[in-house]
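[1] got a predicted structure plus its sequence, pasted below:
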Amino acid sequence: VQLQASGGGLVQPGGSLRLSCAASGFTLDVVSIGWFRQAPGKERKGVSCISLSGGSTYYEDSVKGRFYLFRDTDKNMVYLQMNSLKPEDTAVYYCATACNSEYATNFGSWGQGTLVTVSS
């Protein structure tokens, strides 16, 4: 079971980025996939999550209406489309095989993280 996150980079405020999470060793219909982020000096927090059925998505309040989580089961990929980015979105973003950080740590898998920097 392996996840690989990618797509981070430097973007100006108001810009967009699409993060990708590639899954290998399993199919997306057997796990939920969560995106988390950790800003400098802060704890890692959940951003968004999609259920194993793909029928339910969750968004943390600060990203609602700006971020959109979707998956491509043919490619075994999960994407986090991030629009109207703000400096406070700056963080390392991780994908994991759970919607709960502790559960992912104890029973799931994490991707390696991808850095998103929002700055002018």
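    Perfect, thanks for sending it.
[2] contacting residues around the closest residue to residue 60 other than its chain neighbours?
    Leaving aside its chain neighbours, residue 60 sits nearest to residue 47 (5.3 Å; criterion: Cβ to Cβ, 6 or more residues apart in numbering). Where C-beta positions appear, they are placed from N, C-alpha and C, glycine not excepted. Shown in contact with residue 47 (Cβ atoms under 8 Å, 6 or more residues apart in numbering): 34, 35, 36, 37, 59, 60, 63, 67, 80, 93.
[3] out of those residues, which end up buried?
    For the contacts of residue 47, a burial check counting by 16 or more other Cβ atoms under 10 Å picks out 34, 35, 36, 37, 59, 63, 67, 80, 93.
[4] widest-spaced pair of those?
    Spatially, the most separated pair among those is 59 and 93, at 14.0 Å (Cβ to Cβ).
[5] where are the low-confidence patches of the chain?
    Within the chain, no stretch falls below the threshold (pLDDT under 70).
[6] which residues of it fall in helices?
    Listed in chain order, the helices of the chain (DSSP state H) span 101-107.
[7] mind naming the longest strand for it?
    Using DSSP state E to define each element, the chain has its longest strand at strand 17-24.
[8] and that strand, what does it pack onto?
    Counting contacts by 3 or more Cβ pairs under 8 Å, 6 or more residues apart in numbering; DSSP states H and E, strand 17-24 packs against strand 2-6, strand 33-38, strand 77-82, strand 91-96, strand 114-118.
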